[in-house]
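Novice: The following comprises the amino acid sequence and a computationally predicted model.
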Amino acid sequence: MLNEWIAPVLSFIQAHEAWAAPIAFLLAFLKSLAFVSLIIPGTALLLAIGGLIGASGIAFLPIWIAISIGAALGDWVSYWLGRRYEATMRRSRFALRHPALMGRAEAFFRQWGWLGIVGCRFFGPLRATVPLVAGLSAMPPLAFHLSNWASAFLWAGALLLPGATTAKMLSP
């Protein structure tokens, strides 16, 4: 199923390079939203866009910035939802069935703080849920935002560079 939509998107980007950055932004934004990220297989497509950068000469910088901003804004929305709806989420059926999870999450942020945000950005299963939990755990906004934005730019570079450089090396 994933291959069914990677090829058409990549073909569209190749034919319409002006859409590369907006598409990359949208994919990164959706991949960074808690729960939405579970149904959007965007990481493979973002990696493929990195390869497309190297193979077809699409500019790296606009796509890197678009992915970074999309990821940071998606995480910001998830963090805001956690802060805004903390009481509601703590009373949810899931939270009531798994009370130890909140305690472990809060202990995680006490121990790791902003490094937890940075580290989890690079671990797929946690990437989109950690900002929500950071909001629920009342992580200080400044610490969250600084680590969120810095890690978004690092993650976007780590996502794009392997494909961009490999494709460039392999192209004649």
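Specialist: That came through, no problem. Numbering: from 1, shown residues only.

Novice: and residue 117, what does it touch?
Specialist: 75, 130, 131, 134, 139, 143, 144, 147, 148, 151 (Cβ atoms under 8 Å, 6 or more residues apart in numbering). For every residue, glycine as well, the C-beta is placed using N, CA and C.

Novice: Spatially central residue in this protein, please.
Specialist: residue 32 (3.8 Å; Cα atoms, centre = their mean).

Novice: ok, it to residue 72 distance?
Specialist: 8 Å (Cβ to Cβ, to the nearest Å).

Novice: Which strands and helices lie in contact with the biggest helix by length in the chain?
Specialist: The helix that spans the most residues within the chain, counting by DSSP state H, is helix 141-170. Packing contacts for helix 141-170, counted by 3 or more Cβ pairs under 8 Å, 6 or more residues apart in numbering; DSSP states H and E, involve helix 42-56, helix 60-84, helix 114-121, helix 129-136.

Novice: could those helices go into CSV alongside distance to residue 92 and mean pLDDT?
Specialist: Listed next are these as CSV, based on distance: least, Cβ to Cβ, whole Å; pLDDT from 0 to 100:
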stretch, distance to residue 92, mean pLDDT
helix 42-56, 26, 80
helix 60-84, 12, 94
helix 114-121, 22, 85
helix 129-136, 11, 87
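
Novice: Let me know which of those is tucked in deepest.
Specialist: Among the helices and strands packed on helix 141-170, the stretch with the highest mean neighbour count (mean count of other Cβ atoms under 10 Å) is helix 129-136, at a mean of 25.

Novice: Using PDB, write down the CA coordinates of it.
Specialist: Extracted as PDB, the C-alpha positions of helix 129-136 are listed here (Å, rounded to 0.1, in the frame of the first residue of the first chain):
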ATOM      1  CA  THR A 129       3.200  11.200  21.000                       C
ATOM      2  CA  VAL A 130       6.100  12.600  23.100                       C
ATOM      3  CA  PRO A 131       5.000  16.200  22.500                       C
ATOM      4  CA  LEU A 132       1.500  15.400  23.600                       C
ATOM      5  CA  VAL A 133       2.800  13.800  26.800                       C
ATOM      6  CA  ALA A 134       5.200  16.700  27.300                       C
ATOM      7  CA  GLY A 135       2.100  19.000  27.400                       C
ATOM      8  CA  LEU A 136       0.200  16.600  29.700                       C
END
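
Novice: okay, the angle between that helix and helix 60-84?
Specialist: Helix 129-136 runs at 40 degrees relative to helix 60-84, counting by axes from the mean of the first three to the mean of the last three Cα atoms, to 10 degrees.

Novice: Which residues does helix 129-136 contact?
Specialist: In contact with helix 129-136 (Cβ under 8 Å, 6+ apart) are residues 32, 34-35, 75-76, 78-84, 86, 89-90, 102, 105, 108-109, 116-117, 120-121, 144, 148.
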